[in-house]
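Student: My questions are about this predicted structure, shown below with the sequence.
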Amino acid sequence: AQSVTQPDIHITVSEGASLELRCNYSYGATPYLFWYVQSPGQGLQLLLKYFSGDTLVQGIKGFEAEFKRSQSSFNLRKPSVHWSDAAEYFCAFKAAGNKLTFGGGTRVLVKP
Amino acid sequence: EAGVTQFPSHSVIEKGQTVTLRCDPISGHDNLYWYRRVMGKEIKFLLHFVKESKQDESGMPNNRFLAERTGGTYSTLKVQPAELEDSGVYFCASSLSDSGLYGYTFGSGTRLTVV
């Protein structure tokens, strides 16, 4: 079955520390992969996407993600977290068809 | 450019009542999607319009949900009659291409509470 797993429901990180959010997918081929962020009171904002080519993808707000085919993973990273990065992050993929399949989300709390 | 607009942002209704959610996509985006997140669960696909036609409605939970997109512009999602399990956040998204190549732009969502 096609699915996306975000193993961490909550992550707490200190401001200025690095952040890595995990995402694993289950699909027979390489899907289109996305990371979205939802800040409090806001909609889902696209951080970055991967379709093909360079497996290290740069996104907005200083985020990057690395596609690893061998591990079926697409982890999101940020070298230095800001208080404004406190939000919920969603990994998603688009396989055949036009719909996105989302992971359960990871809520990030930033300590001062 | 204006983003995807959804309203109302919040709605509280009693079980058995009817609620209509509206989504205005980005101008020129033929593809419009509805998703839903119920409490503690993943965001789930409901349906996809291409212009005014339903391309995929495989995610619609039951016949109490009716989505329309007359004229291929804005869309409405009606829940009639609403049940407690319909509570959640309903997201709308639009895209220029159905391939996902340009990404999908989401609205802020409508939080529906059925009491």
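Tutor: Received it, and whenever you're ready, just let me know what you need. Nothing here was measured: the structure is a model prediction, and the numbers come from that model.
Student: which stretches of chain A form helices?
Tutor: Using DSSP state H, chain A contains no helices.
Student: Close to chain B: what parts of it are there?
Tutor: A:4, A:32, A:34, A:36, A:41-46, A:49, A:51, A:90, A:92, A:94, A:97-105 (CB under 8 Å from any CB of the partner chain). (Each C-beta comes from the backbone N, C-alpha and C, glycine too.)
Student: residues touching the residue lying closest to B:G88 once chain neighbours are set aside, list them.
Tutor: Once flanking residues are discounted, B:G88 sits nearest to B:V38: 3.8 Å by CB to CB, 6 or more residues apart in numbering or on different chains. With contact set as CB atoms under 8 Å, 6 or more residues apart in numbering or on different chains, B:V38 has these partners: B:K44, B:E85, B:S87, B:G88.
Student: Need the pLDDT of B:G100.
Tutor: What the model reports for B:G100 is a pLDDT of 69.
Student: Counting neighbours, which of the residues of chain A next to chain B end up buried?
Tutor: Buried by 16 or more other CB atoms under 10 Å in any protein chain shown: A:4, A:32, A:34, A:36, A:43-46, A:49, A:90, A:92, A:94, A:98-105, out of the residues of chain A next to chain B.
Student: rewinding a little: need the pLDDT of the residue nearest to B:G88.
Tutor: 94.
Student: Where does B:S94 sit: helix, strand or coil?
Tutor: strand (DSSP: H, G, I helix; E, B strand; the rest coil).
Student: Excluding covalently adjacent residues, which one is nearest to it?
Tutor: For B:S94, the spatially nearest residue (CB to CB, 6+ apart) is B:P25, at 3.3 Å.
Student: how about the one you found, what does it touch?
Tutor: Contacts of B:P25 by CB under 8 Å, 6+ apart are B:V4, B:L32, B:T73, B:Y74, B:S75, B:C92, B:S94.
Student: Report the buried members of the residues you listed.
Tutor: Listed as buried from the contacts of B:P25 are B:V4, B:L32, B:S75, B:C92, B:S94; burial here means 16+ other CB under 10 Å.
Student: And the furthest pair within the residues you listed?
Tutor: Within the buried ones among the contacts of B:P25, B:V4 and B:S75 form the most distant pair, 10.4 Å apart (CB to CB).
Student: Thanks a lot, see you next time.
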